[in-house]
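Peer 1: Predicted coordinates and the sequence they were generated for:
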Amino acid sequence: MRQFLVVGHDAPTAPDFSLDDIAGGAGRLDVLCRCVNSAFFLSHDLREDVQVHLVLADEYTVSFDGAALRRLNPDERSTAALIRGALEEKQEAIGHQPVETSPGVSLYRMGVEATFDRVARDATVVQLHENGEPLVDAEPPEDPLFVLSDHHDFADGEADLLDGKADRRVRVGPKRLHADHTITVAHNYLDTDGYREY
Ligand SMILES: C[S@@+](CC[C@H](N)C(=O)[O-])C[C@H]1O[C@@H](n2cnc3c(N)ncnc32)[C@H](O)[C@@H]1O
């Protein structure tokens, strides 16, 4: 299982945004939608062994489970619609009990730390960071949880949490990439067993 936890700082927590304005009225929900696309889509196929957890402004988390996903399409707008649909049912997420709002899509009333604790069990936690160790120096882990930030830096509290709990902090290359592109590189690293099998 490959998991990606994306910390969305500039993300909506209410469903009152227009699908025509996901890079404005909805903060930078477009960034998070592209992360979902990169994590799941192959050409004409979907990775079933992937889960993505989008933390929305440290309040809610929308989790996507590739094994159960049914209505995910490659365009950002329809992904944003799934997230909006999840937020429309946020009253049903009571305590830490999630609500499944579409097949394979669940909303949790959890911020970064609670989500991290929920999904990090049994995973090798890999923080993706521009200043980390070279990815190529690390053996590909069996069940990685990659943690990355949106278009902002990790906040101080998030950085402290990861400093204490991440097994590794790696960079995928010398350039600072968009979050979704970083996911593509991480997948390629695992797909090739650390650039050894093509
Ligand atoms: C667009 S970058 C964040 C922006 C950057 N921290 C800034 O404020 O200028 C989005 C995220 O992608 C990941 N990322 C980007 N480039 C990376 C690299 N070369 N290696 C590993 N992770 C990277 C990090 O998790 C980063 O927080």
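Peer 2: Great, that's in hand. It should be emphasised that the depicted structure is a prediction, and the values quoted were computed from it without experimental measurement.

Peer 1: And residue 183, how close does it get to residue 3?
Peer 2: Using C-beta to C-beta, to the nearest Å, residue 183 is found at 11 Å from residue 3. Using the backbone N, CA and C atoms, a C-beta is placed for each residue, glycine as well.

Peer 1: So which bits of stretch 63-81 are buried?
Peer 2: Of the residues in stretch 63-81, 63, 64, 65, 66, 69, 72, 76, 79, 80, 81 count as buried by neighbour count, 16 or more other C-beta atoms under 10 Å.

Peer 1: Oops, could you answer that again for stretch 176-186 instead?
Peer 2: Those would be 177, 179, 180, 182, 183, 185, 186, for stretch 176-186 by 16+ other C-beta under 10 Å.

Peer 1: sorry, back to before: which neighbours do residue 183 and residue 3 have in common?
Peer 2: residue 146 (C-beta atoms under 8 Å, 6 or more residues apart in numbering).

Peer 1: next one: stretch 76-91 to chain centre, how far?
Peer 2: Counting by C-alpha atoms, centre = their mean, to the nearest Å, stretch 76-91 is centred 15 Å from the centre of its parent chain.

Peer 1: Now it: average pLDDT?
Peer 2: What stretch 76-91 shows for mean pLDDT is 97.

Peer 1: Could you number the chain from 808 rather than 1 from now on?
Peer 2: Sure, I'll start counting at 808 from here, so that last one is stretch 883-898.

Peer 1: Residues contacting that stretch, please?
Peer 2: Identification of contacts with stretch 883-898 by C-beta under 8 Å, 6+ apart yields 819-822, 824, 826, 829, 833, 836-837, 839-841, 843-844, 861, 863, 867, 869, 871, 878-880, 906, 908-909, 912-914, 916.

Peer 1: And those, which of them are buried?
Peer 2: Here, 16+ other C-beta under 10 Å leaves 819, 824, 829, 833, 836-837, 839-841, 843-844, 861, 863, 867, 869, 871, 879, 906, 908-909, 912-914, 916 buried among the contacts of stretch 883-898.

Peer 1: Now residue 921: phi and psi?
Peer 2: Backbone torsions of residue 921, given as degrees, to the nearest 10, read phi -70, psi -40.

Peer 1: Setting the sequence-adjacent residues aside, check what's closest to it.
Peer 2: Nearest non-adjacent residue to residue 921, counting by C-beta to C-beta, 6 or more residues apart in numbering: residue 903, 6.8 Å away.

Peer 1: wait, the one you found sits on residue 918?
Peer 2: No. Using C-beta atoms under 8 Å, residue 903 is not in contact with residue 918, being 11.1 Å away.

Peer 1: Near the ligand, which residues of the protein are found?
Peer 2: Within reach of the ligand by C-beta under 6 Å from any ligand atom, the chain has these residues: 935-937, 955-956, 958-960, 978-980, 982-986, 989.

Peer 1: out of those, which are inside strands?
Peer 2: Counting by DSSP state E, the residues of the chain next to the ligand place 935, 936, 937, 955, 956, 978 in strands.
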